[in-house]
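# okay, here's the prediction I keep looking at, along with the sequence it came from:
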2 protein chains.
Amino acid sequence: MRATVIHAPRDIRVEEVPDPALQHSTDVVVRVLRACICGSDLWAYRGESARKPGQRIGHEFLGVVEEAGTEVRAFKAGDLVVAPFVWSDGTCDFCAEGLMTSCPEGGFWGSVGSDGGQGEAVRVPFADATLVKLPADAASDERLLTALLALSDVMGTGHHAAVGAGVRPGASVAVVGDGAVGLCGVLAARRLGAERIIALGRHTARTDIARTFGATDVVAVRGEEAVDAVREMTGGQGAHCVIEAVGTEQSMRTAVSIARDGGAIGYVGVPHGSATGLDLGVMFGRNIALRGGVAPVRAYLPELLADVLNGTIDPSPVFDATVPLDQVPDGYKAMDARTALKVMVRL
Amino acid sequence: MRATVIHAPRDIRVEEVPDPALQHSTDVVVRVLRACICGSDLWAYRGESARKPGQRIGHEFLGVVEEAGTEVRAFKAGDLVVAPFVWSDGTCDFCAEGLMTSCPEGGFWGSVGSDGGQGEAVRVPFADATLVKLPADAASDERLLTALLALSDVMGTGHHAAVGAGVRPGASVAVVGDGAVGLCGVLAARRLGAERIIALGRHTARTDIARTFGATDVVAVRGEEAVDAVREMTGGQGAHCVIEAVGTEQSMRTAVSIARDGGAIGYVGVPHGSATGLDLGVMFGRNIALRGGVAPVRAYLPELLADVLNGTIDPSPVFDATVPLDQVPDGYKAMDARTALKVMVRL
């Protein structure tokens, strides 16, 4: 089959790789229908996260079960399924608690020895625990399929940030980061009943989506000016809940500065750089909590899927470009240059 | 009157200062019966926290109302009262939410222009909101009075850490820091229903108190050995809840290392040093939350007072030395040398 492979920073190729096959009786093989490129893939693309030359890449996909192992109970060939960005065994303490990302038997698509999402097919370990079934007729609904693809990562990650930030009915929420995760954070905050949602961002195309997703205000300046603007919008106090969806020292610094005393930062931007950006003295004096991390998307999938299907949320607008598999390298270029917000791969 | 004054690092004196007097109609003047020295006072004593020469010091006290302003409703001369370590107006948004430490009109005893707790009397602003009445007969019960004194800071601060760490019935809790706050954290964790409480400490006198307070295990080694020990006690996973009651880079590093994935660190040690000790990459991957800060002791006082009075908790053993006012400088020396755990001042 053909799949996307990373050979070195900025050297992404689509090439022939071995076809995936069942290795364990709990595996399935999924034929990929839609995949996408994640902001966190760009860290590898830019060489800021190490990858072994020849490693697969891509961790978001949905598709059709092609073959199922003998012990797989929940899926059979032909089922339409979505995968969260990690697999998990479904039997450990952490899986039972909904923290599938800490499953000792779990792993990330595209890690060494596993298939990546940006390819024609993927071997899925622990299929019963990992995958979630989608309605069969979604395959013929382009808009719905796009929305469902967001459940593999960005929508669940935005939701995790909102949960970490303690979003609740009536709360004020500020969102740092205008990428797909930040925008999904806006959508998640609205879904959880936030009263005021302030999106920070300077790209009109993105902040327009934020408004569609429920942002009540947009702050289009940066640094101290942005902090002042958020404080002014919140009676001088800052936002009860801050969603941090970037992962840089500067974005974390901004997140702390715009949080209200006693509030929380829900952080889902993969941390990068040597410094945290956290002024612990300030956080201590103002009782600002920090909660988040890699999102256990699998735990959130059922409730978010239900709300996509019933029309409560539609994250599909975060995809603003589509490429066929062979043009995935162009998709990376476009996202790296920020000319695309999030690129879908149609197989 | 006589009060404790800090002139420079390690230059603490008890000297004559102006008698406090009512300045506002909502003030009272409290004649101090008991005060104490806090671990955080030592940061000033050691010169690691800046103080103006001649500034008062001490933020924990209980005593008898000597004079009340005309608008004071809840207290009258002769009432026995305890003060939390900050005053607060009782009318702002933050006071209404129980985060009195963020009250814009609030302040710390011993800050420039205010009386400190380690003196004969204190002018208390916003007395109705700030003070809590104690049973009159407690004044003649030495053990009870000592326990009640702990409510001015360390017991409420330990409780805040336990709340921040998410202590709940059945949880495993690890406590970093064997000072008075850490020990009160043990007591608070037991009160909140923790199943297993692991106290880290190498001073038998202190860990013996920890056991009295409810610690089920003591880890008397440090660094990697301590981390290994806590992990072994918790099935390899770490503690659901970690109380961090030191505030150094090293203690925070330990706290992160012994936390279970998905768990939380409740931190109440005043942060010191240029680095946070937080490895955000580790916290991100393991979804470890950080929550805490300066404790809104006033918010917790009613429930903790009730439990001291009904015998559920007795924090009095954290006081292992008592000095008269004139010997407060010796008390600092003893706590600095760690020959005393916590020094009470009897006036």
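Yes, it's here.
# bridging across strands, which residues link to A:Ala3?
Judged by DSSP bridges, the bridge partners of A:Ala3 are A:Glu15, A:Gly119.
# surely A:Asp217 touches A:Glu195?
No - proximity of A:Asp217 to A:Glu195 does not meet the contact threshold set by C-beta atoms under 8 Å, at 11.4 Å. Heads up, the C-betas are built off the backbone N, CA and C, glycines and all.
# show me which of the two is the more surrounded one.
Neighbour totals were compared for A:Asp217 and A:Glu195, and A:Asp217 leads with 18 against 14 (other C-beta atoms under 10 Å in any protein chain shown).
# roughly how far does that one sit from A:Ser88?
Separation of A:Asp217 from A:Ser88 (C-beta to C-beta, to the nearest Å) stands at 38 Å.
# mind listing what A:Val132 touches?
A:81-84, A:151, A:298, A:301-302, A:305 (C-beta atoms under 8 Å, 6 or more residues apart in numbering or on different chains).
# and the residues you listed, which are buried?
Listed as buried from the contacts of A:Val132 are A:81-84, A:151, A:298, A:301, A:305; burial here means 16 or more other C-beta atoms under 10 Å in any protein chain shown.
# can I get these in TSV with pLDDT and distance to A:Pro135?
Converted to TSV, these look like this (pLDDT from 0 to 100; distance: C-beta to C-beta, whole Å):
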residue	pLDDT	distance to A:Pro135
A:Val81	98	11
A:Val82	98	11
A:Ala83	98	16
A:Pro84	98	18
A:Leu151	98	13
A:Arg298	98	19
A:Leu301	98	14
A:Leu305	98	9
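# so which of these sit within helices?
Using DSSP state H, the members of the buried ones among the contacts of A:Val132 that fall in helices are A:298, A:301, A:305.
# which among those residues are in contact with chain B?
Subset of these in contact with chain B: empty, counting by C-beta under 8 Å from any C-beta of the partner chain.
# count the residues that sit near A:Asp228.
Count around A:Asp228 with other C-beta under 10 Å applied: 14.
# the domain parsing of chain A - what is it?
Chain A breaks down into these domains under automatic domain parsing: A:2-153+A:297-346, A:155-292.
# out of those, nearest to B:Glu249?
domain A:155-292 (9.6 Å; C-beta to C-beta).
# any idea how far apart the tips of the closest one sit?
Across domain A:155-292, the terminal residues are separated by 15 Å (C-alpha to C-alpha, to the nearest Å).
# list the contacts of stretch A:168-175.
A:162, A:165, A:167, A:182, A:185-186, A:189, A:192-200, A:210, A:215, A:219, A:230, A:234, A:238-243, A:245, A:255, A:258-260.
# do the same with stretch A:205-224
A:174-175, A:178-179, A:182-184, A:186-187, A:189-190, A:194-202, A:226, A:229-230, A:233, A:254, A:315, A:317-318, A:320, A:341.
# at 7 Å what do you get?
A:178, A:183, A:186-187, A:189-190, A:196-202, A:226, A:229-230, A:233, A:317-318, A:341 (C-beta atoms under 7 Å, 6 or more residues apart in numbering or on different chains).
# cool, stretch A:300-315 as well?
A:84, A:132, A:135, A:147-148, A:150-151, A:154-156, A:159-160, A:184, A:187, A:191.
# near chain B, which residues of chain A?
Contacts of chain A with chain B, taken as C-beta under 7 Å from any C-beta of the partner chain, map to A:94, A:97, A:99, A:101-102, A:261-262, A:270-271, A:276, A:278, A:280-281, A:283-287, A:289-291, A:293-294.
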